[in-house]
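[1] pasted the sequence and its predicted model underneath.
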Amino acid sequence: MNRTDIINALITKIGAKSYLEIGVDNGVNFNNIRCRWKTGVDPVDHGVITDGQIIQATSDQFFSRNTELFDVIFIDGLHHADQVERDIRNSLNVLKPGGFVVCHDMNPQSEQAQVIPFFSGHWNGDCWKAFVKLRGELNGVEMLTVDTDEGCGVIWQQEGSVPVRVSGELTYSNLEKNRNDWLNIMTVDQFKTKFALPPDDFNTLLRMYSEDPANAQFNFTLARYYDKIDQKAAAVTFYTRAAERATDQALQYECLIRAAQCFEWQGTRGLSVRGLLQRALTVNPARPEAYYYLSRWYENDNTVESWVNCYTVAVQGLAFADFTLQPVVEYPGKWGLLFEKAVSAWWVGLCEESKDTFIELLTQYPIDRAHRQAALRNLGMMNQFVTKEITAFTFLKHHRLLHRFPGSEAIDRNYSEAYQDMFVLTALNGKRGGTFLELGAGNPFYGNNTWLLESQFGWTGISVDYDQKLVDEWAKNGRTGCVYGNALQLNYAELLRSIPGEFVDYLQVDLDPPEVSLAALRKVLSESGKKFRVITFEHDSYCHLDNIVQQESIDVLREAGYVRVGVDIAPDSWRNYEDWWVHQDCLEHHDYFESSKRSNGRAVMAEELFLSAP
Amino acid sequence: MNPSIFNDRGKIITVLRHVNYTFYHSEKKIFLHPWGPLTYLHPEKDMHLRTTNYFCELDPKSLDMKRFTRIDMSAGDSKYESCWTFVGLEDARLFRWNEKLYICGVRRDVKPNGEGRMELSEIVDDGQTVKEVPDTRFRIPAPNHPDSYCEKNWMPVLDQPYRFVKWTNPTEIVSIDPVGRTCRTEHLVQPNKFAFPRDIRGGSQVIPIGNGRRIALTHEVDLFKSDVGRKDAVYYHRFITWDSDWNIVASTPVFHFMDAHVEFATGMCPYGESEVLITFGYQDNAAYVLRAPISAIIELQASWAS
């Protein structure tokens, strides 16, 4: 039993669905972990191809941003005691109740193997020091070390547990004297017994089965074994036998779905897959898993008839299944069926329903990276990233304006897509004669953030675009001040020389892709010699798989003395694409937008920040 | 599936049959496949049921697999074009005659009507690869009934080279001449005094056990239709012992190895002084080795006789 076996056994024992691994390296452990949702963290991109997601970050960076909880966490990152201690503490903070933290390399067998820094040869690092230290400090936590594979620490929360007494300095010589006590070492057999782990060696499973071949559970256990070693035909046999001998409906249901999955793994046995899933559905129509897998089967079948069936099964599942039931097989949850519904709705011609369902998925469900990517791709193909109609502020809505400013009563309408112009005027209390730098000028009027400022409040400034047609459009329509240029190559000190004083009132950064916006932001802040009273920064988090640009922009702007007053601003209910910033010296009106800071990564509709309910 | 085992002077070797289909059997008729309780699910884009044979060497003590390699049958395969849905040499037994290592099983893809005949091939193991020796493949003609549709499961008699138990009750011994390419019935013993309820078909090799006696594992099939008229079957096994004149002198009751309705043993070999190794396929989807004391078999036979 090595670390992988220990982790898999614990995952099986508690029915874990989410797994986090700190220090993925070449993926040799990560890729052999059997868990539905797998997240790996490693600062180095090792090019690991996996069925989970790998986040390229240090563990500290990851934990500082992470909001997820995990069932099982494996720590095998930087093998320095201080880092391991942080990793364990951080892991316990994001561990689900009943979960486990497993740590590798806890039991070095020589002094050289634990010397910091690593120089050569067999090496465990001094992880053990963190383990022993925490054993002496943590309340409500149990810790033991399984004596296998360099020492596998296992940590779990247990009410009432108190720290153990660790006497003596944490030196290797003391470790040798106190190894069993300090590390709380257990043999593999003791560990298995303590946690009542199911046997995992084939001969034991086979003997149990042979002694009672009519036992559904023994058939099932053998099936699981064959399934895990990819002997799918044998697994089908034992799943079928287990299903036919089970008195427990849930076991029957699970066996049928798992047998179907075996056929699916084999490939080109679609009718058998479908038949078994349909049969599972008849065993318990209230369970959701078969609906999900059956609708997915129809999706993969990709015929006109199958799309109708996919949609039908997904809708039936959403209507009839009880999603509060504990899953008996891995499946994504309700959002999995919603995804099938969204995809199939489009294929059967229900495009609006498809679009709405995708948006619902993106905004209301914790969908995984792959499905998020697919949902975004589909919405992009449906042309849903473009604002088709701007919901403008007009004088007719003035009575609902929450934060009025001098001149607001005279505004006929605004032009921004998401009230950016109104934000600038609100934050600067209706300032007249202000100045701006607009990177990514776009259309001179439609969706433009500076036209209201210029036309009604007398602002002047410089707009930049890298599209000559748009620059020409400005000139043709009588708007001056738009120049053609690459925002990453401009001399900003020169460009802004005509604007007097320390401050420019407004900086808009809206370039494509958002990585260019970030680079331009850095360049402007570092080279222009100016500060900006108000900044709108478009990070487009909604249509990217991660929010790295947003995160980095936060670091950059905070470092430069700006305060984020608008978070995940969106023109509608789902496209959170922008953050709003105010310089720390200009914060008189920032609290107007306090409510936007509760976004938690979800879109904050701009209009709702400015207007009361009708 | 359906492995055959042979103790080759202390080296434990097996032939393991790999198939491209997955056998699905609803033994209790609760979760039937749409095509029936017992179905062979071949890939949907390939109507053929294909067999490939692997040669495996087991650790003589632990019986763990030490090595395996696909048996290269290209020397014989290249001489004909496969023309039936069952492709390859099926349920091959492994044995040595006159110092030569052979495999012998049924092949049905030689004629367009699927006629099955036992085919014998010499193979050679160089420690890394295992190949069929060119020009040794012998498609054995059916004695007495040259037009019979399918000959299969003949059991090689280990201590009588080029002889098979073709049928168990009445026991028919055939001898072959691989050079002259002939086959003839050598013994045909009257039906046994024991009352066997079903035809007894071939299984393992036939192993000498002293005093002129020989033992083999045989199988029987209870083939029937399900309630909705679809094929279904239950397989049984028994140990049969013959005397030196090929009279059946002992039998065990029928049994299943591991409770499955479809199991099939095609190999048995002595193991040490008091045990045998038996190899059998389980539902056409898995293969197992069973180590059994000979005394237990004798006890079983005694219980049946009484």
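    Perfect, I can see it now. Numbering: from 1, shown residues only, chains lettered A, B, ... in the order given.

[2] low-confidence ranges in chain A?
    Under the criterion pLDDT under 70, the flagged ranges of chain A are A:49, A:51, A:119, A:198-199, A:388, A:589-601.

[3] chain B contacts on that one?
    Where chain A comes near chain B, counting by CB under 8 Å from any CB of the partner chain, the residues are A:206, A:209-210, A:213-214, A:226, A:231-234, A:236-237, A:240-241, A:243-245, A:252, A:256, A:263, A:266-272, A:275-276, A:279. No exception for glycine: its C-beta is placed from N, CA and C like everyone else's.

[4] whichever of those count as buried, I'd like them selected in PyMOL; how would that read?
    PyMOL command restricting those to the buried ones, with burial defined by 16 or more other CB atoms under 10 Å in any protein chain shown:
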select buried, chain A and resi 206+209+213+226+231+232+233+234+236+237+240+241+243+244+245+252+256+263+266+269+272+275+276+279
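
[5] tell me who's in contact with residue A:344.
    With contacts taken as CB atoms under 8 Å, 6 or more residues apart in numbering or on different chains, residue A:344 has the following neighbours: A:295, A:298, A:299, A:307, A:308, A:310, A:311, A:314.

[6] measure it to residue A:365 for me?
    The span separating residue A:344 from residue A:365 equals 17 Å under the rule CB to CB, to the nearest Å.

[7] from the stretch 251-400 of chain A, which residue is nearest to chain B?
    Using CB to the nearest CB, the closest approach of the stretch 251-400 of chain A to chain B is made by residue A:268 at 4.1 Å.

[8] OK, contacts around that residue?
    Residues in contact with residue A:268 (CB under 8 Å, 6+ apart) are B:43, B:44, B:45, B:46.

[9] that one belongs to a helix?
    No - Residue A:268 is assigned coil when assessed by DSSP: H, G, I helix; E, B strand; the rest coil, not a helix.

[10] apart from its neighbours in sequence, what residue is nearest it?
    In space, residue A:268 comes closest to residue B:43 once its chain neighbours are excluded; the distance is 4.1 Å by CB to CB, 6 or more residues apart in numbering or on different chains.

[11] now restrict the contacts of residue A:344 to buried residues only.
    Applying a neighbour-count criterion of 16+ other CB under 10 Å, the buried members of the contacts of residue A:344 are A:295, A:298, A:299, A:307, A:310, A:311, A:314.

[12] narrow those residues to those in strands?
    Counting by DSSP state E, none of the members of the buried ones among the contacts of residue A:344 fall within strands.

[13] redo those residues as CSV? Include distance to residue B:182.
    Putting the buried ones among the contacts of residue A:344 into CSV (distance: CB to CB, whole Å) gives the following:
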residue, distance to residue B:182
A:295, 62
A:298, 58
A:299, 60
A:307, 63
A:310, 62
A:311, 67
A:314, 66
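
[14] need the contact partners of stretch B:180-193.
    The set of residues that contact stretch B:180-193 without belonging to it, under CB under 8 Å, 6+ apart, is B:138, B:140-144, B:163, B:166, B:169-177, B:245-248.

[15] same question for that stretch: list its buried residues.
    Buried residues in stretch B:180-193, counting neighbours by 16+ other CB under 10 Å, are found at B:183, B:186, B:189, B:192.

[16] out of those, which sit inside strands?
    Secondary structure from DSSP E places B:183, B:186 of those in strands.

[17] which of the buried residues of stretch B:180-193 lies closest to chain A?
    Distances from chain A to those, taken as CB to the nearest CB, are shortest for residue B:192 (31.1 Å).

[18] show me the contacts for the nearest residue in space to residue B:29 that is not next to it in sequence.
    Of all residues not flanking residue B:29 in the chain, residue B:37 sits nearest, at 5.5 Å (CB to CB, 6+ apart). Residue B:37 makes contact with B:25, B:26, B:27, B:29, B:226, B:230, B:231, B:232 under the criterion CB under 8 Å, 6+ apart.

[19] name the SS class of residue A:536, please.
    Put simply, residue A:536 is strand when judged by three-state DSSP.

[20] return the residues of the stretch 1-150 of chain B in contact with chain A.
    Counting by CB under 8 Å from any CB, the stretch 1-150 of chain B sits next to chain A at B:22-28, B:30-31, B:33-34, B:41, B:43-46.

[21] just the buried residues from the residues you listed, in ChimeraX please.
    Command for ChimeraX that selects the buried part of those, burial taken from 16+ other CB under 10 Å:
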select /B:22,23,24,25,26,27,31,33,41
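
[22] the closest residue to chain A within the stretch 201-306 of chain B: neighbour count?
    For the stretch 201-306 of chain B, the nearest residue to chain A under the criterion CB to the nearest CB is residue B:259, separated by 3.4 Å. Applying other CB atoms under 10 Å in any protein chain shown, we find 16 other residues in the vicinity of residue B:259.

[23] now it, nearest residue through space, not along the chain?
    Distances taken as CB to CB, 6+ apart place residue A:213 nearest to residue B:259, at 3.4 Å, with adjacent residues excluded.

[24] ok, the one you found touching residue A:219?
    Yes - Residue A:213 lies in contact with residue A:219 (CB atoms under 8 Å); the separation is 7.4 Å.

[25] where's the residue nearest the centre of chain B, which helix or strand?
    Nearest to the mean C-alpha position of chain B, counting by CA atoms, centre = their mean, stands residue B:266 at 3.4 Å. With elements delineated by DSSP states H and E, residue B:266 resides in strand B:263-271, which encompasses its position.

[26] give me the sheet partners of that strand and which way each runs.
    strand B:275-282 (antiparallel) (DSSP bridges).

[27] tell me which element residue A:275 is part of?
    Under the criterion of DSSP H and E, residue A:275 resides in helix A:270-283.

[28] name the residues that touch that helix?
    Around helix A:270-283, the neighbours that count as contacts under CB under 8 Å, 6+ apart are A:249, A:252-253, A:256-257, A:259-261, A:263-264, A:287, A:289-291, A:293-294, A:297, A:301, B:22, B:24, B:31, B:33-34, B:41, B:44.

[29] and that helix, how far out from the chain middle?
    Counting by CA atoms, centre = their mean, to the nearest Å, helix A:270-283 is centred 33 Å from the centre of its parent chain.
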